[in-house]
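Peer 1: Take a look and give me a structure for this.
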Amino acid sequence: MKYAYALAALAAVVAAQVDPTIIPECARKCLQDATASATSCKDGDYVCTCQPANKSAIQAAATSCVVGACGADVALSPSRL
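Peer 2: Got it, this is the predicted structure:
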């Protein structure tokens, strides 16, 4: 459950297009791939990815990848957000 909250926060940052360097490099491909596979949103279409159904789909699709690529310590780090 903690991973889901961490990923929701990461997805929110991506959706809001805040400073992209806030997203750890290890998570970026996971989020891009999850967006492509779980939604019809185009890369960089933050209005689309911010829609609740799309955000949930991205979160579900990216969680294990982000934790696997970054480790739990980075995935759960509030200093990244």
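Peer 1: Report the mean confidence score over stretch 57-66.
Peer 2: The average of the pLDDT scores along stretch 57-66 is 92.
Peer 1: Please identify the buried residues of that stretch?
Peer 2: Using 16 or more other Cβ atoms under 10 Å as the test for burial, stretch 57-66 gives Ala57, Ile58, Gln59, Ala61, Ala62, Thr63, Cys65, Val66. No exception for glycine: its C-beta is placed from N, CA and C like everyone else's.
Peer 1: Stretch 40-50 too?
Peer 2: Cys41, Thr49, Cys50.
Peer 1: Report pLDDT for the last one.
Peer 2: Looking at Cys50, its pLDDT stands at 88.
Peer 1: From the contact counts, what lies against the helix ranked longest in the chain?
Peer 2: Looking across the chain with DSSP state H, the single longest helix is helix 52-70. Helix 52-70 is packed against helix 2-16, helix 25-38, helix 46-49, with contacts defined by 3 or more Cβ pairs under 8 Å, 6 or more residues apart in numbering; DSSP states H and E.
Peer 1: if you average pLDDT over each of those, which comes out lowest?
Peer 2: Note on the helices and strands packed on helix 52-70: helix 2-16 shows the lowest mean pLDDT, a mean of 58.
Peer 1: just to revisit the earlier point, between the buried residues of stretch 57-66, which sits nearest Asp45?
Peer 2: Asp45 lies nearest to Ile58 out of those, by Cβ to Cβ, at 11.9 Å.
Peer 1: Can I get stretch 31-42 in PDB, CA atoms only?
Peer 2: Output of stretch 31-42 as PDB, limited to C-alpha atoms (Å, rounded to 0.1, in the frame of the first residue of the first chain):
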ATOM      1  CA  LEU A  31       6.100   6.100 -15.900                       C
ATOM      2  CA  GLN A  32       6.400   6.600 -19.700                       C
ATOM      3  CA  ASP A  33       5.800   3.000 -20.400                       C
ATOM      4  CA  ALA A  34       2.900   2.800 -18.000                       C
ATOM      5  CA  THR A  35       1.300   5.800 -19.600                       C
ATOM      6  CA  ALA A  36       1.600   4.300 -23.100                       C
ATOM      7  CA  SER A  37       0.300   0.900 -22.100                       C
ATOM      8  CA  ALA A  38      -2.500   1.900 -19.700                       C
ATOM      9  CA  THR A  39      -3.900   4.900 -21.400                       C
ATOM     10  CA  SER A  40      -4.500   6.500 -24.700                       C
ATOM     11  CA  CYS A  41      -2.600   9.700 -23.600                       C
ATOM     12  CA  LYS A  42       0.100  11.000 -25.700                       C
END
